[in-house]
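Student: give me the fold of what follows.
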Amino acid sequence: MTTVGEMLKNKRLEKKLALSDVEKAIKVRSKFLEAIERNDFSSLPPPTFTRGFVKNYAIFLGLPAEQILAFYRRQENIEKEKIVPQIPQKIRQKFAITPQLVTYIGIGAMLLLFFAYLAFQYFQYSGTPRLEVVSPPDYLIMKTSPVEVRGKTDTEAVLKINDELVAVNDNGYFELKIDLAPGLNTFTFVASNKFNKESKVVRHVRLESP
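Tutor: Numbering: from 1, shown residues only. Presented below is the predicted three-dimensional model:
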């Protein structure tokens, strides 16, 4: 059976297009396009996003989009049927608690705390800054704009979203609202410190017509 990935790839090669050409045209990353062509469902975003990628890819290549989507849905259902639930096996081991064991555990815990403290001090001064993006979650689908952006970073860090500087309060928290463009929006969060160390988080938000 010919797969959706094969149909799209054959048409792309027929038109002598590289994946990078398609990426520029429909704003879908090459790694996702390649995964679609390989029928590698495990490397793709949630089905709602993937269906949009497949549809836009088909339209760009001049293929019947609805027919391609119908093939994709059938493949998707076949893949789901292949999944066999795995039942974890629990292995129980019996052991005796002795004074010697308690001593070893105590020494181990003290050493662990000591090295954890050293690691904390090291990364605090020379590691990458902390960056937590609470909102929006990745691959969020919205019907209205703007989207609320919230998170936390180190108080001394410089934060940028899509290369735009963002204010951070005395506790490291940031909160703002960003207008969305129709379709897929990509937000790149970068926090940097005075040692030129950076932390990066990427979020994808799709704005759909109501």
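Student: beta-bridge partners for residue 141, please?
Tutor: Beta-bridge partners for residue 141, by DSSP bridges, are residue 206.
Student: tell me if I'm right that it and residue 48 touch.
Tutor: Yes: using CB atoms under 8 Å, residue 141 makes contact with residue 48 at a distance of 6.4 Å. Using the backbone N, CA and C atoms, a C-beta is placed for each residue, glycine as well.
Student: which neighbours do these two share?
Tutor: Jointly contacting residue 141 and residue 48 under the rule CB atoms under 8 Å, 6 or more residues apart in numbering are residue 206.
Student: quick one: residues in contact with stretch 142-158.
Tutor: 129-136, 140, 159, 161, 165, 168, 170-180, 185, 187, 189, 191-194, 199, 205-210.
Student: now that stretch - C-alpha only, PDB.
Tutor: Taking Å, rounded to 0.1, in the frame of the first residue of the first chain, the C-alpha atoms of stretch 142-158 are listed here in PDB:
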ATOM      1  CA  MET A 142      -6.200  28.900  20.500                       C
ATOM      2  CA  LYS A 143      -9.200  30.500  18.900                       C
ATOM      3  CA  THR A 144      -8.500  34.100  20.100                       C
ATOM      4  CA  SER A 145      -5.500  36.400  20.500                       C
ATOM      5  CA  PRO A 146      -3.400  37.400  22.400                       C
ATOM      6  CA  VAL A 147      -1.700  34.500  24.300                       C
ATOM      7  CA  GLU A 148      -0.700  34.900  27.900                       C
ATOM      8  CA  VAL A 149       3.100  34.300  28.500                       C
ATOM      9  CA  ARG A 150       4.300  33.600  32.100                       C
ATOM     10  CA  GLY A 151       7.400  32.000  33.600                       C
ATOM     11  CA  LYS A 152      10.500  32.500  35.700                       C
ATOM     12  CA  THR A 153      14.200  32.900  35.300                       C
ATOM     13  CA  ASP A 154      17.200  33.900  37.400                       C
ATOM     14  CA  THR A 155      17.000  37.500  38.700                       C
ATOM     15  CA  GLU A 156      20.300  38.400  37.100                       C
ATOM     16  CA  ALA A 157      19.400  36.900  33.700                       C
ATOM     17  CA  VAL A 158      18.600  38.800  30.600                       C
END
